[in-house]
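[1] predicted model and sequence below, questions to follow.
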Amino acid sequence: MKTKPCPHIPLSMEFLVRAAATLRLLAHPGRLKILELLEPGEPLAVHDLMRRLALPQSVVSQHLNQMRRVGLLRSTRKSREVYYALSNNCLVSILNCIRAAQQKERS
């Protein structure tokens, strides 16, 4: 999934407060891994995420609910399954920054 650069606009203090809360939420390896798993753009069911993360359903559901609550993820229900997807492609930029830092560290 390609991301478009976000335009440079002044940020309000109110938005920066929300952004800081969101970044604190993302400061968890499991949540960052969820972003990475959802990056390709195909919504994934909770059981798929559980299997790929090797975490119990309660932990995965807690992460997903927290991320959805702050607007990082969107969810859709199909029958008894709930599928999650990234709500904003700009989130991929965060992963790309982390990847760039890892690559620089390895050089």
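    Noted; the coordinates are in hand.

[2] how about the helices of this protein, start to end?
    For the chain, the helices defined by DSSP state H occupy 13-26, 29-38, 46-53, 57-69, 91-106.

[3] right, so of those helices, which gets closest to residue 7?
    Closest approach to residue 7 among these is made by helix 91-106 (12.9 Å; CB to CB). For the C-beta atoms, the positions are set from N, CA and C on the backbone; glycine is no exception.

[4] what is that closest one packed up against?
    helix 29-38 (3 or more CB pairs under 8 Å, 6 or more residues apart in numbering; DSSP states H and E).

[5] what comes up buried for the helix it packs on?
    For helix 29-38, the neighbour count (16 or more other CB atoms under 10 Å) marks 31, 33-35, 37-38 as buried.

[6] TSV please, covering those and showing pLDDT and distance to residue 67.
    Output for those, formatted as TSV (pLDDT from 0 to 100; distance: CB to CB, whole Å):
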residue	pLDDT	distance to residue 67
31	95	6
33	96	12
34	97	7
35	96	8
37	97	12
38	97	10
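
[7] now the residues you listed in JSON lines, with distance to residue 92?
    Formatted as JSON lines, the buried residues of helix 29-38 follow (distance: CB to CB, whole Å):
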{"residue": "31", "distance to residue 92": "14"}
{"residue": "33", "distance to residue 92": "14"}
{"residue": "34", "distance to residue 92": "13"}
{"residue": "35", "distance to residue 92": "8"}
{"residue": "37", "distance to residue 92": "12"}
{"residue": "38", "distance to residue 92": "9"}
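
[8] ok, for residue 11, nearest residue in space, not its chain neighbours?
    With sequence-adjacent residues excluded and distances taken as CB to CB, 6 or more residues apart in numbering, residue 11 is closest to residue 19, at 7.4 Å.

[9] residues contacting the residue nearest the centre of the chain?
    The centroid of the chain falls nearest to residue 35 when counting by CA atoms, centre = their mean (3.3 Å). Residue 35 sits next to 26, 72, 86, 91-92, 94-95 when contact means CB atoms under 8 Å, 6 or more residues apart in numbering.
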